[in-house]
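Q: this is the structure alone, sequence omitted:
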């Protein structure tokens, strides 16, 4: 066993190195079907009060975090059956921060190579704490005890001044990268508390609020999104059907034990019999029907995986769209709240000047109008925030209030690619295209299965046994028996020709000395067989489904090209809008600066200054709205090319 374990580890290590050196950049593939994913090491360290766990892996691995409250645990389920562990210790005692220990759990210790295969990592905690999970290069990073983000007002607004748009992402903030491969079916069994359909809610941040960045929002949405969880169950169902199709390629066998006691001629001659038989059935020739069904089932697993990833990609875009809308609404409210005190101060000043006869009524009305305009914008903005928050709550499937960190809106997004290059990326990576191409192949396998069902079929039946039957007054003398049957079925139009050849050597009955040997050849022709009519309709239906799949593939290719070009043009439009707004902002800032200087020497009234300040706040609100539209267009472009987080 030790030698076998070392040889396996050597093979896995060489496979992992080859996978790292030979894997294409930014390719979308099911790596778990070709090379095993190796967990190489687990390191734990304390960084600024945060317990950071770094899991080194040989390649990207799909996973799902599950939180348990009693006892407090965080479980990292690996959504693949090919994960192996190169570490010898399966229990790691940590005792750092909230983390007590880490346990590595295998899939099935009794299975072949099961001692090295990993199902999940269990993190034993002292208490439930907030955490963050993300992937960087060849590592999975888990941060326990992540502090909540500071209030949005501290990030965006300086007291007494209009906020600027120079905010940048926090240091160390993980950037959303391309999605990991979709999870293949998990071979292990979930317990009642580990059901993937359990709705999970992250713990509230200190202070009772929930300030989420985009990555956290997407993680929460994936944990709570019911269609995504159903799609995951469909992957498992497809895998079970694959096992069923694979099983049909092999013989079926049954073992039978029979004990009989019969009474003959009113009890004058009772008999006793005992038999043990093994019966087997094997299809010898099916015209490729079983092989085509097996390949179709394998393809169905890939289709289920692609559907899972497509639901995940659609969810990521919906979350990003709602997130940017909420962040922009919050920014705009902060802009107007920052200038409200100055408008109130100027209105009070102009009221006193007017009462003393030092200014005209027009200047007072202008100051009052500016303050009223800011108040209206704040009230309108708060309503917009409420609606945007409701939209994000729906996307996350949560009921508690959520605030968007909005750090992405402090910088411009970038798409360093031409329009034609984006189209080529979509043709290579778009999930809809891959899914429809596989559906065409799936329908083609359906046609092959129907064609094979209409061809010759040859089945072999066999039986071997050992037993005896004799009168109760006689001893049982056990002998061997056997049976061989060959059945041939050949459809001929709507008719079916059958031929059955049987040879057997049966046990002697009570009172007999020798066994009964038997051979027969029976030919039969079923006229206008009902199955022939059914099969003819199913063949036509399979052909129609194939043509529909081809037509849908052509439409999808056209739709994908249109969506990519539309998203790219929307991104360019948002860039032009940003450039125009920046020019207006530069003019507005210079206008405010000049008017403040002239107001200090009483050359212009303060009402003109505050009017310019409000106009500058309007320009900044337009700029943040344009930037939110730019990031939304980038998210739509990522979805259109089929690579989540590719452009950022």
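A: Happy to help now that I have it. As the structure is a prediction and not an experimental result, all values here were calculated from the model. Numbers count the residues shown, from 1 in each chain.
Q: quick one, longest strand in the chain?
A: For the chain, the strand with the greatest residue count under DSSP state E is strand 269-285.
Q: the next helix or strand after it to strand 269-285, inter-axis angle?
A: Note on strand 269-285: by DSSP states H and E, the next helix or strand toward the C-terminus is helix 289-355. On the basis of axes from the mean of the first three to the mean of the last three CA atoms, to 10 degrees, helix 289-355 is oriented at 70 degrees to strand 269-285.
Q: by contact count, what packs against helix 289-355?
A: In this structure, helix 289-355 packs against helix 152-156, helix 214-224, helix 226-247, helix 361-396, strand 403-404, helix 431-453, helix 606-641, with contacts taken as 3 or more CB pairs under 8 Å, 6 or more residues apart in numbering; DSSP states H and E. (C-beta placed from N, C-alpha, C; glycine too.)
Q: that one vs helix 431-453, what angle?
A: 160 degrees.
Q: ok now helix 289-355, how far from the chain's centre?
A: Its chain's C-alpha centre and that of helix 289-355 lie 19 Å apart, by CA atoms, centre = their mean, to the nearest Å.
Q: rewinding a little: wait, which of the helices and strands packed on helix 289-355 is closest to residue 478?
A: helix 226-247 (33.3 Å; CB to CB).
Q: report the buried residues of the closest one.
A: Applying a neighbour-count criterion of 16 or more other CB atoms under 10 Å, one finds 228-229, 231-232, 234-236, 238-239, 241-242, 245 buried in helix 226-247.
Q: quick one: distance of it to the chain centre.
A: Per CA atoms, centre = their mean, the centroid offset for helix 226-247 relative to its chain is 14 Å.
Q: what's the helix or strand just after that helix packed up against?
A: Going down the chain from helix 226-247, the next helix or strand is strand 252-264, by DSSP H and E. Applying 3+ CB pairs under 8 Å, 6+ apart, one finds that strand 252-264 makes contact with strand 269-285.
Q: the strand it packs on pairs with which strands, and in what direction?
A: Sheet partners assigned to strand 269-285 using DSSP bridges are listed as strand 252-264 (antiparallel), strand 457-471 (antiparallel).
Q: and those strands, which one averages the lowest pLDDT?
A: For the strands paired with strand 269-285, mean pLDDT drops lowest on strand 252-264, to a mean of 82.
Q: now do the helix ranked longest in the chain against helix 289-355, angle only.
A: Of all segments of type helix in the chain, defined using DSSP state H, the longest is helix 530-600. If you take the same axes, to 10 degrees, helix 530-600 sits at 20 degrees to helix 289-355.
Q: list the helices and strands helix 530-600 packs on?
A: Helix 530-600 packs on helix 419-429, helix 431-453, strand 495-506, helix 606-641, going by 3+ CB pairs under 8 Å, 6+ apart.
Q: quick check: mean pLDDT of the first one?
A: On average, the pLDDT along helix 419-429 is 88.
Q: do the same with the longest one
A: Model confidence over helix 606-641, given as mean pLDDT, is 88.
Q: cool, stretch 371-386 as well?
A: Stretch 371-386 comes out at a mean pLDDT of 90.
Q: mind listing what's buried along that stretch?
A: Neighbour-count burial for stretch 371-386 flags 371, 373-374, 377-378, 381-382, 384-385 (criterion: 16+ other CB under 10 Å).
Q: okay, those in CSV with distance to residue 543 next?
A: Listed next are the buried residues of stretch 371-386 as CSV, based on distance: CB to CB, whole Å:
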residue, distance to residue 543
371, 73
373, 67
374, 68
377, 62
378, 64
381, 59
382, 60
384, 54
385, 55
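Q: and which of these is nearest residue 126?
A: Of the buried residues of stretch 371-386, the one sitting nearest to residue 126 (CB to CB) turns out to be residue 385, at 36.7 Å.
Q: is it true that that closest one touches residue 328?
A: No - the pair residue 385 / residue 328 is not scored as a contact, 9.6 Å apart, by CB atoms under 8 Å.
Q: need the contact list for residue 469.
A: Contacts for residue 469 (CB atoms under 8 Å, 6 or more residues apart in numbering) come out as 260, 271-275, 476, 507-510.
Q: change it to 7 Å
A: Going by CB atoms under 7 Å, 6 or more residues apart in numbering, residue 469 touches 271, 273, 507, 509-510.
Q: for the closest residue in space to residue 434 that isn't next to it in sequence, give me its contacts.
A: Sequence neighbours aside, residue 306 is the residue nearest to residue 434 in space, at 5.7 Å (criterion: CB to CB, 6 or more residues apart in numbering). Applying CB under 7 Å, 6+ apart to residue 306 gives the contacts 431, 434-435, 438.
Q: residue 306 and residue 550, how far apart?
A: 18 Å (CB to CB, to the nearest Å).
Q: likewise for residue 79?
A: Taking CB to CB as the measure, residue 79 falls 32 Å from residue 550.
Q: same check on residue 119?
A: The gap separating residue 119 from residue 550 is 40 Å, by CB to CB.
Q: same thing with residue 441?
A: Separation of residue 441 from residue 550 (CB to CB): 11 Å.
Q: now do residue 46
A: Separation of residue 46 from residue 550 (CB to CB) stands at 58 Å.
Q: more neighbours: which of those two?
A: Higher neighbour count among residue 46 and residue 550: residue 550, with 15 against 12, using other CB atoms under 10 Å.
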